[in-house]
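Chemist: dropping the sequence and predicted coords here.
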Amino acid sequence: MMKNIGLFGGTFDPIHNGHLHIARAFADEIGLDSVIFLPAGDPYHKEASAGGADARARLHMAELAVADEPCFAVSDCDVVREGATYTFDTVQIFRQHFPAAQLWWLMGMDSLMQLHKWKKWQTLVRHTHIAVAAREGENLAQAPRELHGWLGEALQQGSLKLLNAPMCNVSSTEIRRRARLGESLAGLVDRRVERYIEQNHLYR
């Protein structure tokens, strides 16, 4: 039986309960066997963003956050690669590792609206299905004309799915602000992630 594998890329600076919520919806609504979190590497042309955690810390926090989720895993694929990393290349790597699996890439509606600007996007959407998480008020009617033909075809074929679960209103920016001020992160991040942030004085 073909496996369904979800790929969830992001900065995860830090990973928070909103990420976990939408990953669970991703797995449940698509019927995934596993969801693989892919923290982004450090920007290849500059230092990590001001006030942010480096790639290794973000990778470790993601591992802590998913430790109790049997169908979640974390990959360092985008962390260990040098130079610019593109979704197309990441998907190709996972296609090589899981040649018989159906891959799904999770993105937000804001990213979908920019998909036509991504590297080799037309080839990308032939190599992976797309699942889209939307915030309230976001919909496909806002899509640029460059995507119209593909959108209609992909929705009809089932290679594009809009998740029913809304994205949680949790912000990594707000979490970093709270951490900087020494405020509680309870309810926003996994308790192990909160402890790691405190012990390593992240975002201070």
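Modeler: Structure received.
Chemist: contacting residues for residue 77?
Modeler: If a contact means CB atoms under 8 Å, 6 or more residues apart in numbering, then residue 77 has 38, 90, 93, 94 as its contacts. All C-beta atoms are positioned from the backbone trio N, CA, C, and that covers glycine.
Chemist: helix/strand/coil for the first one?
Modeler: Under the three-state scheme (DSSP: H, G, I helix; E, B strand; the rest coil), residue 38 adopts strand.
Chemist: which parts of stretch 91-103 are buried?
Modeler: 91, 92, 94, 102, 103 (16 or more other CB atoms under 10 Å).
Chemist: so what's residue 40 up against?
Modeler: Counting by CB under 8 Å, 6+ apart, residue 40 makes contact with 9, 10, 11, 12, 55, 58, 78, 79, 85.
Chemist: could you rerun that using 7 Å?
Modeler: Residues near residue 40 by CB atoms under 7 Å, 6 or more residues apart in numbering: 9, 10, 11, 78.
Chemist: distance of it from residue 198?
Modeler: As for residue 40, its distance to residue 198 is 23 Å (criterion: CB to CB, to the nearest Å).
Chemist: same question for residue 188.
Modeler: Distance of residue 188 to residue 198, given as CB to CB: 13 Å.
Chemist: cool, and residue 162?
Modeler: For residue 162 relative to residue 198 (CB to CB), the value is 37 Å.
Chemist: mind giving me the packing neighbours of the strand or helix carrying residue 123?
Modeler: Element membership for residue 123 (DSSP states H and E) is helix 121-127. When contacts are defined as 3 or more CB pairs under 7 Å, 6 or more residues apart in numbering; DSSP states H and E, helix 121-127 packs onto helix 87-97.
Chemist: what is the helix it packs on packed up against?
Modeler: Packed next to helix 87-97, using 3+ CB pairs under 7 Å, 6+ apart, are strand 4-10, helix 77-80, strand 102-108, helix 121-127.
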